[in-house]
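Trainee: just coords:
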């Protein structure tokens, strides 16, 4: 690849931010010890916020969004990577505080990278992305706290989102009975096709619970919604059940009581995928390569060119996307 490369650049505008495809050179790239020739990125909820200028996630403009990317090392001054190594990056506030993956090149710190598992392509790595990586971390936390298929059903909220879809596929492949919550019942057949055995309407959970305890229903939960949904789940947890909380699409407040924790020993597990240590990242990516059906992943994936991302940003914020949107930065 020559020094010149294409990137989706956002800048401050009178009403929010503006986005355009621009031609840049290596001299524009920020500091770092590894330069990566990117092949694919992906679209996450946070990317939608950045592209719409919501939440002041980006403080310095011009900026290249994209919190994930996969590609091949082009040059390196690090002992950890050499040219030709395939790598993946999620988190570390790349795409927010540091230029991200909506570009044909990135320069980053080697500590932020993870070797791409040999059995996984760059395209599939980005079909997984931060969302799927977060889902794997959530499943690993449930396992670490004793939740096995024998304990009972596991609920996945936000089933049609990126975290939810991958979590369903992982859990079903590991032998769990998976219940999936969605606000789009017309997509119930799709969720069953990737591993869900029961569909729970979102409105059934999107309420403030009337009582601190209800009938025991789930042994584990991967919750990507938060808010009232999480509050209504806690009273319905089985004895010594666990909830892996990894999202707040339904709100950041939690209107609940301590009763489920004190009387049923329920565990609320926070999942952080942004600053997750390297060793845990490596294990999660290796497990994704073995525990997630690639056919199931492909069924969740839509591939789009770089220029489509600004229009899709609004759709992901409105919950109008389905599954995983992979960005081919060279298209």
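Mentor: Perfect, thanks for sending it. Small disclaimer: the values here were computed from a predicted structure and weren't measured.
Trainee: Can you tell me, leaving aside adjacent residues, what's nearest to residue 300?
Mentor: Nearest residue to residue 300, sequence neighbours excluded (CB to CB, 6 or more residues apart in numbering): residue 323, at 3.5 Å. C-beta: built from backbone N, CA, C; applies to glycine.
Trainee: repeat for residue 87
Mentor: Closest to residue 87 by CB to CB, 6+ apart is residue 113, at 4.4 Å.
Trainee: For residue 270, list the residues it contacts.
Mentor: 245-246 (CB atoms under 8 Å, 6 or more residues apart in numbering).
Trainee: For it, give its distance to residue 276.
Mentor: 12 Å (CB to CB, to the nearest Å).
Trainee: Kindly report the same for residue 128.
Mentor: In terms of CB to CB, residue 128 sits 14 Å off from residue 276.
Trainee: These two: which has the busier surroundings?
Mentor: residue 128 (31 against 17; other CB atoms under 10 Å).
Trainee: Give me the pLDDT value at that one.
Mentor: On the pLDDT scale, residue 128 is placed at 95.
Trainee: Double-check it against residue 166; I have them as touching.
Mentor: Yes - between residue 128 and residue 166 there is a contact at 6.4 Å, judged by CB atoms under 8 Å.
Trainee: Now do the shared contacts for those two.
Mentor: 292, 297, 324.
Trainee: hang on, the earlier thing: you'd agree the residue nearest to residue 300 is up against residue 163?
Mentor: No - Residue 323 is beyond contact range of residue 163, at 11.0 Å (criterion: CB under 8 Å).
Trainee: for residue 309, phi and psi?
Mentor: phi -60, psi -40 (degrees, to the nearest 10).
Trainee: wait, is residue 55 part of a helix?
Mentor: No - assignment of residue 55 by DSSP: H, G, I helix; E, B strand; the rest coil gives coil, placing it outside any helix.
Trainee: List the residues that contact it.
Mentor: residue 49.
Trainee: what about the helices in the stretch 51-200 of the chain?
Mentor: Using DSSP state H, counting those that start in this stretch, the helices found in the stretch 51-200 of the chain span residues 122-144, 162-173, 188-193.
Trainee: how far away is residue 185 from residue 224?
Mentor: From residue 185 over to residue 224 the distance is 18 Å, taken as CB to CB.
Trainee: Please identify which of the two sits among more neighbours.
Mentor: A side-by-side neighbour count of residue 185 and residue 224, using other CB under 10 Å, places residue 224 first with 30 against 13.
Trainee: Skipping adjacent residues, who's closest to the more buried one in space?
Mentor: Nearest to residue 224 is residue 247, by CB to CB, 6+ apart, at 3.5 Å.
Trainee: mind checking the SS state of that neighbour?
Mentor: On the basis of three-state DSSP, residue 247 is classed as coil.
Trainee: thinking it is in contact with residue 222, fair?
Mentor: No - counting by CB under 8 Å, residue 247 does not reach residue 222; the two are 9.2 Å apart.
Trainee: what is in contact with these two at once?
Mentor: residue 163.
Trainee: tell me which residues of stretch 29-42 are tucked away?
Mentor: Neighbour-count burial for stretch 29-42, counted by 16 or more other CB atoms under 10 Å, picks out 29, 32-42.
Trainee: Equivalent analysis for stretch 293-306, please.
Mentor: 294, 296-297, 300-301, 304, 306.
Trainee: thinking again about what came up before, from the shared contacts of residue 128 and residue 166, which ones fall inside strands?
Mentor: Among these, the members found in strands (DSSP state E) are residue 324.
Trainee: picking that back up, pull up the gap between the residue nearest to residue 87 and residue 183, please.
Mentor: In terms of CB to CB, residue 113 sits 36 Å off from residue 183.
Trainee: Neighbour count: the two, which is higher?
Mentor: residue 113 (27 against 16).
Trainee: residues contacting that one?
Mentor: Counting by CB under 8 Å, 6+ apart, the residues that residue 113 touches are 34, 36, 80-81, 87-89.
Trainee: from those residues, which would you call buried?
Mentor: Buried among these by 16+ other CB under 10 Å: 34, 36, 81, 87-89.
Trainee: which one of the residues you listed sits closest to residue 71?
Mentor: residue 36 (4.6 Å; CB to CB).
Trainee: Same list (the buried residues of stretch 293-306) but as a markdown table, adding pLDDT, distance to residue 23 and secondary structure.
Mentor: Converted to a markdown table, the buried residues of stretch 293-306 look like this (pLDDT from 0 to 100; distance: CB to CB, whole Å; DSSP: H, G, I helix; E, B strand; the rest coil):
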| residue | pLDDT | distance to residue 23 | secondary structure |
| --- | --- | --- | --- |
| 294 | 87 | 35 | helix |
| 296 | 79 | 38 | helix |
| 297 | 86 | 33 | helix |
| 300 | 79 | 33 | coil |
| 301 | 90 | 28 | strand |
| 304 | 97 | 20 | strand |
| 306 | 96 | 13 | helix |
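Trainee: Please tabulate those in a markdown table, including the columns distance to residue 153.
Mentor: Output for the buried residues of stretch 293-306, formatted as a markdown table (distance: CB to CB, whole Å):
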| residue | distance to residue 153 |
| --- | --- |
| 294 | 25 |
| 296 | 19 |
| 297 | 23 |
| 300 | 21 |
| 301 | 26 |
| 304 | 34 |
| 306 | 40 |
